[in-house]
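Peer 1: This is the structure alone, sequence omitted:
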């Protein structure tokens, strides 16, 4: 799992049936510049499905694979391998910062 | 999952039986140069199976693993771990752009 | 699996139900500078669930996927794909070091 | 999945039982330098099992995980997570090239 | 799967129950500098479980995920996703070398 910030959303009309009704968000992973976590804009964005209502600009936790599909509550028959599993309230880093 | 652009197609006569009749596309991942997503030509291409009829030049969403096999609708007995799951209509990024 | 040091903790009130009551730690992977293992602060942190009581500053072993969910003892229905599986007592490297 | 070229073969007498009789090939991934795919010699080689008779120097498609084990036709009880799934006849890239 | 050299071993008293009695080795991946494979000391080490008795300094093949757990012969209920599956006797590379 990793933390990141939601920077956008994707619309796709033509898609496999199991994606119907799923929001697909673009998540920018954070990188650790001690003692802070910063957005990592040189890295590929991750497309993550969301069912907990995360909004653009929010920091989230993203899980992969079976863990991601579990978060969606639709069983294993869904064409997804990354999903938002939580919205970050606070991060406490050793160096104190955020 | 990630977004990318289809840049080519692969032909393979000699292959495992479960790949018969599956189109294999070459997808170039996009990278985030705020506020835009750009093709990432220094990155390895991903070979993804396709059953939704994506064409060369189109932007697509690619999923991995079980999620990819689900998209193909052939059950788990297929020698694939990446597949096109949707064709991108529109991407709305925080900074406005595309 | 990899070794790393716990550098922080994440709080998330809004999350998928299967994460309730799970500690989510931020782990900084180590890199090998022979004959030592050093923190790797330019790398993305990994968010790992923990049920063995690892504390900030401790060196841990992190596993992924099914292996991670097994460590949590909650079955497969948990939205997690990385977990702490052990606390490092000692690392013996060929060159002698730590 | 990715495309690559077979650059070698590995022999291992002492191995887990499920690897008996499986050829293990070293595959060098290709990278995209538009409009061509080139060998990527600065990248780690991938060790892939092969049951379709790919030879050194041939271009192949390699799949991972469950998809790889499916290609081997030995069920899930095999200690492998990468396998050759096809031999490339031709690659058609947008820019025309190979 | 990849090839690497065992450079160390990890001791962990506090760990999840399914790791009891499993050796945990540190493996340094090799990289391809044609026509040779060389240790890749700037890369993260991989922690791999071992049940075939590989020793420090030996070259091994490491598998991931389900393939790794299969190598351990303890079923799927083990908190591991990387394992030694073979000890390398010989590597034959196209360019002739080792």
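Peer 2: Great, that's in hand. This structure is a prediction, so every number in the text was calculated from the model and none was measured.
Peer 1: contacting residues for residue A:49?
Peer 2: The neighbourhood of residue A:49, defined by Cβ atoms under 8 Å, 6 or more residues apart in numbering or on different chains, consists of A:19, A:22-25, A:68, A:72, A:78, A:80, A:82-84, B:1. Where you see a C-beta, it was placed from the backbone N, CA and C, and this is true even at glycine.
Peer 1: Tell me which residues of the helix or strand containing it come out buried.
Peer 2: Here residue A:49, judged by DSSP states H and E, is contained in strand A:46-50. Buried residues in strand A:46-50, counting neighbours by 16 or more other Cβ atoms under 10 Å in any protein chain shown, are found at A:46-50.
Peer 1: do stretch A:3-21 as well
Peer 2: Neighbour counts over stretch A:3-21 (16+ other Cβ under 10 Å) mark A:3-10, A:12, A:15-16, A:18-19 as buried.
Peer 1: Helices - which of those land there?
Peer 2: Using DSSP state H, no member of those falls in helices.
Peer 1: follow-up on the earlier one: ok, so of the contacts of residue A:49, who is nearest chain E?
Peer 2: residue A:68 (15.6 Å; Cβ to the nearest Cβ).
Peer 1: so how far is the helix or strand where the closest one lies from its chain's centroid?
Peer 2: Per DSSP H and E, residue A:68 falls inside helix A:65-72. Its chain's C-alpha centre lies 12 Å from the corresponding centre of helix A:65-72 when counted by Cα atoms, centre = their mean, to the nearest Å.
Peer 1: Return the residues in contact with the residue of chain A at minimum distance from chain E.
Peer 2: Nearest residue of chain A to chain E: residue A:65, at 9.7 Å (Cβ to the nearest Cβ). Residues counted as contacts of residue A:65 (Cβ under 8 Å, 6+ apart) are A:81, B:65-66, C:65, C:81.
Peer 1: Would you mind measuring from it to residue A:73?
Peer 2: Distance, residue A:65 to residue A:73, using Cβ to Cβ, to the nearest Å: 16 Å.
Peer 1: Pull the number of nearby residues for the nearest residue to residue A:81 once chain neighbours are set aside.
Peer 2: Among residues not flanking residue A:81 along the chain, residue B:67 sits closest, at 3.9 Å (Cβ to Cβ, 6 or more residues apart in numbering or on different chains). By other Cβ atoms under 10 Å in any protein chain shown, 31 other residues sit near residue B:67.
Peer 1: just the buried residues of stretch A:3-21 now: which is nearest residue C:31?
Peer 2: residue A:3 (20.5 Å; Cβ to Cβ).
Peer 1: picking that back up, so the strand holding residue A:49 versus helix B:65-72, what angle?
Peer 2: Strand A:46-50 runs at 70 degrees relative to helix B:65-72, counting by axes from the mean of the first three to the mean of the last three Cα atoms, to 10 degrees.
Peer 1: What average pLDDT does strand A:46-50 get?
Peer 2: Mean pLDDT, computed over strand A:46-50, is 97.
Peer 1: where along chain A do the strands fall?
Peer 2: Applying DSSP state E to chain A gives strands spanning A:2-11, A:23-33, A:36-39, A:46-50, A:59-64, A:82-87, A:90-93.
Peer 1: Nearest to residue E:54, out of those strands?
Peer 2: It's strand A:59-64; of those, that one is closest to residue E:54 (Cβ to Cβ) at 29.0 Å.
Peer 1: what bridges to residue A:84?
Peer 2: Residue A:84 forms beta bridges with residue A:62, as assigned by DSSP bridges.
Peer 1: what separates it from residue A:51, distance-wise?
Peer 2: 8 Å.
Peer 1: buried set for stretch A:29-45?
Peer 2: Neighbour count says stretch A:29-45 has A:29-32, A:37, A:39-40, A:44-45 buried, by 16+ other Cβ under 10 Å.
Peer 1: Hmm, I typed the wrong one, I wanted stretch A:76-96.
Peer 2: A:78-88, A:91, A:93-94.
Peer 1: just to revisit the earlier point, quick one: the strand holding residue A:49 to strand B:59-64, angle?
Peer 2: Put simply, strand A:46-50 runs at 80 degrees to strand B:59-64, going by the same axes, to 10 degrees.
Peer 1: Pull the distance from strand A:46-50 to the chain's centre.
Peer 2: With Cα atoms, centre = their mean, you get 5 Å for strand A:46-50.
Peer 1: Let me know the angle separating that strand from strand A:23-33.
Peer 2: 130 degrees.
Peer 1: got the angle for strand A:46-50 vs strand A:2-11?
Peer 2: Using the same axes, to 10 degrees: strand A:46-50 against strand A:2-11 is 80 degrees.
Peer 1: Tell me the one of the buried residues of strand A:46-50 nearest residue E:55?
Peer 2: residue A:46 (39.3 Å).
Peer 1: Could you tell me which residues make contact with the closest residue to chain C within chain A?
Peer 2: Taking Cβ to the nearest Cβ as the measure, chain A has residue A:86 as its residue closest to chain C, at 3.3 Å. Residues in contact with residue A:86 (Cβ under 8 Å, 6+ apart) are A:52, A:60-61, C:10, C:12, C:14-16, C:19, C:24.
Peer 1: Near chain C, which residues of chain A are found?
Peer 2: Counting by Cβ under 8 Å from any Cβ of the partner chain, chain A comes close to chain C at A:1-3, A:29-34, A:37, A:40, A:43, A:51-53, A:61, A:63-68, A:70-71, A:73, A:83, A:85-95.
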